[in-house]
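**Q** Build me a model:
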Amino acid sequence: MTNIGQGLTHKLLGEKVIAICSNDKKVLTELSVIFKKIGIAPCVFESLEDFWKESLKSKAPTLTVFDIRLMTQGDLILKDHPLVKVGKLPLCFVYSNDTEPLLFSTYEIFNLGLIKISKHTTGQVKAVLKRLNNFNKLNEENIFLKKENDEKFLKLSKRVEELGESDFFTRKLKEICRNLSSDVIGDFSYKKIFENTIKSNFLNKILENQVEFRKNNFFN
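**A** Numbers count the residues shown, from 1 in each chain. As a prediction, the model looks like this:
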């Protein structure tokens, strides 16, 4: 078998965990040899039940290589696994000539590819690891973009609120100006003087707020 190389381990997986779920000695031996050549000692589960319990109890593996013969066990069905249902369990499936007819059971499950036990097994494993690496990168980028968009939305919401406050002051200013204009035409009285003084004070307050608002927006 071709040695994938130590560099690939660090580049693609870092310190991640690989699991193999199979009770076929040939499958376990061949896959274990391939992974050990790239510096990974995979965790082995020989039944769906064992894998099910462990994957829910501890952190899910970075990648699980699943023998298609173990996709059901009693009442357990892999596609009903809580992490599989929400697409948070990266999987690939391993099969042979004998088990190829069972491939239909993988169609409803999101996966990173199929590995057929053959003289080309190493190349297939390498291809799956590359897909896993790309998948993880896209997932990280998606998380970053979501965070960035959330921050932009909060900033935009704050700006809309500030602009709404500015519009309120503008409407009040126009209203007072209209009232002052009509009062000039009306009767002169102490009452009018008092009312206009109050309006003038309020007008000054609005103007101060407008200036402060524009100054803050200019520097921010």
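**Q** separation between the residue lying closest to residue 127 once chain neighbours are set aside and residue 102?
**A** Spatially, and ignoring its direct neighbours in sequence, residue 127 is nearest to residue 113 (6.5 Å; C-beta to C-beta, 6 or more residues apart in numbering). (Glycine included, C-beta is placed from N, CA and C.) In this view, residue 113 and residue 102 are 16 Å apart by C-beta to C-beta, to the nearest Å.
**Q** Just the buried residues of stretch 104-115, please?
**A** 105-106, 109, 111-112, 115 (16 or more other C-beta atoms under 10 Å).
**Q** List the contacts of that stretch.
**A** Contact partners of stretch 104-115, identified using C-beta atoms under 8 Å, 6 or more residues apart in numbering, comprise 31, 63, 65, 68, 71-72, 78-79, 84, 87, 90-95, 103, 121, 124-125, 127-128, 131-132, 135.
**Q** Show the average pLDDT along the strand or helix carrying residue 148.
**A** Per DSSP states H and E, residue 148 falls inside helix 121-185. The average pLDDT for helix 121-185 rounds to 74.
**Q** circling back: can you add secondary structure, distance to residue 36 and pLDDT and give the buried residues of stretch 104-115 back as CSV?
**A** Converted to CSV, the buried residues of stretch 104-115 look like this (DSSP: H, G, I helix; E, B strand; the rest coil; distance: C-beta to C-beta, whole Å; pLDDT from 0 to 100):
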residue, secondary structure, distance to residue 36, pLDDT
105, helix, 29, 91
106, helix, 26, 93
109, coil, 27, 93
111, coil, 23, 94
112, coil, 20, 94
115, strand, 16, 96
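**Q** Reformat these as TSV; add distance to residue 146.
**A** As requested, these are arranged in TSV below (distance: C-beta to C-beta, whole Å):
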residue	distance to residue 146
105	33
106	30
109	25
111	24
112	22
115	32
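**Q** Name the nearest of the residues you listed relative to residue 57.
**A** Nearest to residue 57 among the buried residues of stretch 104-115: residue 109, at 21.4 Å, using C-beta to C-beta.
**Q** Would you list the phi and psi of the closest one?
**A** Main-chain torsions, residue 109, degrees, to the nearest 10: phi -120, psi 130.
**Q** And it, how close does it get to residue 92?
**A** From residue 109 to residue 92 the distance is 10 Å (C-beta to C-beta).
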